[in-house]
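Colleague: when you get a sec, could you give me coordinates for this:
(chains A, B and C)
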Amino acid sequence: MSDAATALQGMAAVPRAHVRVLADPRPAARSAYALAAPAFVLMLMMLIGPLAGVIALSFTDYQLGAPSFAWIGMSNYHEMFADRVFWISLKNTLTYVAIVVPGAVAFGLGTALLIQSGAGLRSWYRTIYFLPVMATLIAMAIVWEFMLHPQFGLVNGLLRAAGLQGHSWLQDRGTALYSLCVIGIWQATGFNMVLFLAGLVSIPKHLYDAAEIDGAESAWSRFRLVTWPMLGPVTLFVVTISAIRSFQVFDTVQVLTKGGPSKSSEVLIYTMYTEGFEFFRSGYGAAVTVVFLAFVLLLTLLKSALGNREVHYA
Amino acid sequence: MTSRARTLLWSATRHFLLLAGALAMLTPFIWMLSTASKPQTEIFSSDLHLIPYHFALWDNLRIAFGKADLARYLLNGLIVTVSIFGLQVLVALPAAYALAKLRFLGRDVLFALVVFCILIPPQATAIPVFLLLHKLGVLDSYAALVLPFTISVFGIFLMRQFFKTVPDDLIDAARMDGISEFGIVWRVMLPTAIPAVTAFGIFSVVAHWNDYFWPLIVLNSEHLQTPPLAVAHFRNNEAGTNYGPLMAAALVIIAPLVIAFLFAQRRFIEGITLTGIK
Amino acid sequence: MAEIEIRALRKAFDGAEVLKDVDLTIENGEFISLVGPSGCGKSTLLRIIAGLEPQSSGEIWIDGVSADGVRPSARNLAMVFQSYALYPHLSVFDNIAVPLRMKRLSALERAPLVGRLMPGRRRTERIIREDVERVAEQLEITPLLKRKPGQLSGGQRQRVAVGRAIVRQPRAFLFDEPLSNLDAKLRVHMRAEIAQLHRQLKTTFIYVTHDQAEAMTMSGRIAVMIGGELIQVGAPAAIYEDPRDIRVAEFIGTPKINAFPGRIRGDGRLEVLGHVLHAATSAPAGECRVCVRPERIELSGSGIFSGTVVHLENLGSEAFVHVGSEGMNAPVVARVNDPSLLPTIGASVGYGFVPDAVRAFDAGGKRIATSIASRIERPREVAVV
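Modeller: Purely as a prediction, here's the structure:
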């Protein structure tokens, strides 16, 4: 063997104790547990535990303040599925989602496209459209309520000025839910717009040049060839987020209509709230929550399934 | 049509459409301001006008502050959101650092749990957490408002993603200097992560300032009300009579966030957009 | 095949002039490179030719017809981008087919579901398929047709981008720094491929690059642009041997040409670093710069200049010696053909060059003609008493 090899062997024979390893993993691991412990404990206490708890509760007849409770199996669910109000609540919620999500996504996308298509006043428009997202929904809902006032509201006033008839928007069971939908779209558009703007900005400019040279002359053909496909992941995300947030609708219902008139605007979370926190029927309220969770889970799975199909690399 | 004329026509169309939409977005704000500035006689009239004949904003504000302790409620909002964010930072940053930079058994499991928890909607855990707080006897207090939110899994996720981009050398250098792992979190990671922490802060403050659901559930006492609760209460009490002061109260409630937003729009929008970058 | 004329072209962005009065005629079927440092305006010029940007003033004429107001796709030019600009969501086949579909199918036929039902579409699609497959074979990318760009290597994407250009049978090809994103070895390989492609297609190639070696090795003519101006156009050899502006001399050639500060004496002889050369000029007396290529600098003890070796670069096949001299801000670089004869660092060396190697430029950077001293007759300046 050469001298070099022998020398190397000699070095390798030096006892380990003399060689100080810079990052000895053991103390760091101890610290890691200490650092992560508060978060872990709180996660168990406030998130994972309660999640398991709500599922478990749905199989009990527990009421707040009661000394004990019993396991009643699927009774809550039987009651729920037999309850006319539950089905109305579910239908209303799905209607709300079906109206608000396309509306807010379409307006958000349209606004983002319009803003990006020109250079003037971009940040002004962005700010104005984002304002409804920032302003406390309850406060703005109350403003909307006044705007929809049958006698003195702005909406009816403008309609009358145009020669049309006003309407009792929030007091009529035919229109209450849809009025809430309008407020929902108004509030969510700005949020979606911002997400779409971020997506639009990340589309490589050269793709538009290539499209132009390849013959995509109209704005529509450029949209179809470049913009829409490249926005795919963002669109999926926006739709999912919008849907989940729409499922959570509560504030406007609780303050403006209380689910009425005649349950025409009763929605899932409002039902859960009344059962769980006004009647304090914790078990039954938990069952409603589980239904709500099922839908959210469904949406999330749908997004994962669709999202993994198309991942674009530029 | 020449190219120049075509561009001009498109520019005009674009502005027209965007302005129409902007008007729709702003109308409630404008109407709120207008109504808050009108005396009752002008509000309860079928004559629709924007500019009040008699400017009554200060009167309405005085009545609003008289009927409801708005200053107190704003203060509550401030106390609650600042406490929540402060505690969130204390809990999330060390955990994020551990997840990003340290090796330990169960790290991947913990991270998977974090991602899982992000998917849990807040309303889903409401009933059990409420029962828990009831058992602890802390309902109807600041603790009830703050405690459940001290764990922000989204914050942990966000900060972990950011911490991963910090060079390992920086941390090794700190270790060589004798700084403890705990110290590293606050003296090395935090200073480099100010933009991410700011975004996190904005996201947290906005979400909790505007939260109506949870305070509604856990509070009974009026003096603890947060801004959304306060304005809902006001509306319930006034029951369709005092719209002027009601609009003025709404104005006061949304003012802090809106003003902050107008001053730092880019940061706000970045903060909210970060929810999109997963 | 296209002859492209650029007349008096100007372009300004936000008040800054990016192109200043460019005049250039590109011959039918030639391979011409637009070369220059970053920011010199070459990409802008290419985009204006393509129709992606409007010019501020001046004209582009393609085959004798003004291109003013003509949309890019109607100019029948094809472009290959630095980032390839392949549609990430389409397969390689669909990527190459895009320009054909855009041209041969009407909007209705391209509509997502309805289009399939349109009569005649089947036949057109079949022809498109044949065209695409023919091009794929030519570029040897047939096995990749079903893949998406994200699954291809850099070199493969490059070929797909070229394929998309070829399939249109354009009048001219515009290349915008297409090899910049590739690693060095692949770049050298692709240079040969593109040159070969030009020989096969015999179409006009306009090639933009900041890499002067690329331009030198691939083109029939080089157009050197600096600061928005077209400074010199000519064959690579001419540009190299006969630069008309000092900026061209310094940009073309690696290592950079050596620039000695000097002056023109009253008798026309050139003087550099205190030594009078055997080169002379008829240009008026004054400051000048004398440039000599590294390969023309001879290291020898009898050289009229001297200095100290400050740095050595031994490339194996050849070597470069950097010599620090009095009066020179930067070391003089000399090429040595036999690395075994290298001096050591710190050694004193002498160097010189023949008058024929001199390229002189006046104070304004313009080339001054020089020749061997004995041939210049210049009246001696006589003191007037």
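Colleague: three-state assignment of the residue in the stretch 1-150 of chain A positioned nearest to chain C?
Modeller: Closest contact between the stretch 1-150 of chain A and chain C, by CB to the nearest CB, is at A:A119 (11.9 Å). All C-beta spots, glycine's among them, are computed from the backbone N, C-alpha and C. Three-state assignment for A:A119 (DSSP: H, G, I helix; E, B strand; the rest coil): coil.
Colleague: number of nearby residues for it?
Modeller: Neighbour count for A:A119, taken as other CB atoms under 10 Å in any protein chain shown: 9.
Colleague: go on, C:G15?
Modeller: Neighbour number of C:G15 under other CB under 10 Å is 5.
Colleague: with A:P50 instead?
Modeller: Around A:P50 there are 23 residues (other CB under 10 Å).
Colleague: helices or strands next to the helix or strand harbouring it in the packing?
Modeller: Assigning secondary structure by DSSP states H and E places A:P50 in helix A:49-57. Secondary-structure packing of helix A:49-57 (3 or more CB pairs under 8 Å, 6 or more residues apart in numbering or on different chains; DSSP states H and E): helix A:282-309, helix B:126-136.
Colleague: can you state the direction angle for the last one and helix A:49-57?
Modeller: When you say that, I think you mean helix B:126-136. Angle between the axes of helix B:126-136 and helix A:49-57 is 100 degrees (criterion: axes from the mean of the first three to the mean of the last three CA atoms, to 10 degrees).
Colleague: then the first one?
Modeller: On the basis of the same axes, to 10 degrees, helix A:282-309 is oriented at 120 degrees to helix A:49-57.
Colleague: how far off centre is helix A:282-309?
Modeller: Mean-position distance between helix A:282-309 and its chain equals 12 Å (CA atoms, centre = their mean, to the nearest Å).
Colleague: buried set for that helix?
Modeller: For helix A:282-309, the neighbour count (16 or more other CB atoms under 10 Å in any protein chain shown) marks A:282-293, A:295-296, A:299, A:303 as buried.
Colleague: then the shortest one?
Modeller: Residues of helix B:126-136 classed as buried under the neighbour-count rule (16+ other CB under 10 Å) are B:A126, B:I127, B:P128, B:V129, B:F130, B:L131, B:L132, B:L133, B:H134.
Colleague: and which of these is nearest chain C?
Modeller: Distances from chain C to the buried residues of helix B:126-136, taken by CB to the nearest CB, are shortest for B:A126, at 41.3 Å.
Colleague: test my guess that the closest one contacts B:L216.
Modeller: No: when contacts are counted by CB atoms under 8 Å, B:A126 is not listed as touching B:L216 (10.4 Å).
Colleague: where does pLDDT dip in the chain?
Modeller: Picking chain A for this. Along chain A, the parts satisfying pLDDT under 70 run over A:1-28, A:309-314.
Colleague: wrong one, I was asking about chain B
Modeller: In chain B (pLDDT under 70), the answer is B:1-3, B:239-240, B:272-278.
Colleague: for the helices and strands packed on helix A:49-57, give me TSV that also has distance to B:A112.
Modeller: Formatted as TSV, these follow (distance: least, CB to CB, whole Å):
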stretch	distance to B:A112
helix A:282-309	14
helix B:126-136	22
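Colleague: and C:R263, that one's in a strand?
Modeller: Yes: according to three-state DSSP, C:R263 belongs to a strand.
Colleague: could you list every residue that touches it?
Modeller: For C:R263, the contact set (CB atoms under 8 Å, 6 or more residues apart in numbering or on different chains) comprises C:L270, C:E271, C:A285, C:G286, C:E287, C:C288.
Colleague: related to what we said a few turns ago, and the helices and strands packed on helix A:49-57: which comes nearest chain C?
Modeller: Nearest of these (CB to the nearest CB): helix A:282-309, 11.1 Å.
Colleague: and that closest one, is it in reach of chain C?
Modeller: No: for helix A:282-309, no contact with chain C is found by CB under 8 Å from any CB of the partner chain; the gap never falls below 11.1 Å.
Colleague: could you check the pLDDT of the closest residue to chain B within chain C?
Modeller: Taking CB to the nearest CB as the measure, chain C has C:G69 as its residue closest to chain B, at 6.7 Å. Listed pLDDT for C:G69 reads 82.
Colleague: for it, phi and psi?
Modeller: Per-residue torsions, C:G69: phi 80, psi 0 (degrees, to the nearest 10).
Colleague: excluding chain neighbours, give the residue nearest to A:G49 in space.
Modeller: Nearest non-adjacent residue to A:G49, counting by CB to CB, 6 or more residues apart in numbering or on different chains: B:P128, 7.2 Å away.
Colleague: what ranges do the strands span in the stretch 51-200 of chain C?
Modeller: C:57-62, C:65-66, C:77-80, C:172-176 (DSSP state E, counting those that start in this stretch).
Colleague: circling back to that earlier point, ok, and what's touching the helix holding A:P50?
Modeller: Contacts for helix A:49-57 (CB under 8 Å, 6+ apart): A:282-283, A:286, A:289-290, A:293, B:120, B:124-125, B:127-129, B:131-132.
Colleague: 7 Å instead, please
Modeller: Helix A:49-57 has contacts (CB atoms under 7 Å, 6 or more residues apart in numbering or on different chains) with A:S282, A:G283, A:A286, A:T289, A:V290, B:I120, B:A124, B:T125, B:I127, B:P128, B:V129.
Colleague: pretty sure the second one is touching A:A66, no?
Modeller: Put plainly, it is A:G283. No: with contact defined as CB atoms under 7 Å, A:G283 does not count as touching A:A66 (9.9 Å).
Colleague: just after the helix or strand that contains B:L8, pick out the following helix or strand.
Modeller: Using DSSP H and E, the element containing B:L8 is helix B:3-36. Toward the C-terminal end, the helix or strand that comes next after helix B:3-36 (DSSP H and E) is helix B:40-43.
Colleague: right, is that next one up against chain A?
Modeller: Yes: counting by CB under 7 Å from any CB of the partner chain, chain A is contacted by helix B:40-43 at B:I43.
Colleague: for B:P256, what are its contacts?
Modeller: B:L74.
Colleague: name the SS class of it, please.
Modeller: Classification of B:P256 using three-state DSSP returns helix.
Colleague: same question for C:H278.
Modeller: At C:H278 the chain is in strand, as set by three-state DSSP.
Colleague: just to revisit the earlier point, tell me the contacts of the residue nearest to A:G49?
Modeller: Contacts of B:P128 (CB under 7 Å, 6+ apart): A:P50, A:G53, A:V54, A:L57.
Colleague: again, 8 Å this time
Modeller: Counted by CB under 8 Å, 6+ apart, B:P128 has contacts A:G49, A:P50, A:G53, A:V54, A:L57, A:A286.
Colleague: pull the number of nearby residues for the fifth one.
Modeller: Applying other CB under 10 Å, we find 25 residues neighbouring A:L57.
Colleague: please name the nearest non-neighbouring residue to it.
Modeller: A:L57's closest residue in space is A:A286 (CB to CB, 6+ apart), at 3.7 Å.
Colleague: now do A:K303
Modeller: That would be A:T240: by CB to CB, 6+ apart, it lies 4.2 Å from A:K303.
Colleague: before we move on, the earlier item: and which of the contacts of B:P128 is nearest A:R173?
Modeller: Nearest to A:R173 out of the contacts of B:P128 is A:A286 (CB to CB; 28.9 Å).
Colleague: next up, the contacts around the closest residue to A:S282 other than its chain neighbours.
Modeller: Spatial nearest neighbour of A:S282, excluding adjacent residues (CB to CB, 6+ apart): A:Y62 at 4.6 Å. A:Y62 makes contact with A:F69, A:S282, A:G283 under the criterion CB under 8 Å, 6+ apart.
Colleague: contact partners for the first one?
Modeller: If you count contacts by CB under 8 Å, 6+ apart, A:F69 has them with A:T60, A:D61, A:Y62, A:Q63, A:G283.
Colleague: which elements pack onto the helix holding B:L8?
Modeller: Counting by 3+ CB pairs under 8 Å, 6+ apart, helix B:3-36 packs on helix A:84-116, helix A:122-134, helix A:137-147, helix A:176-201, helix B:57-67, helix B:243-263.
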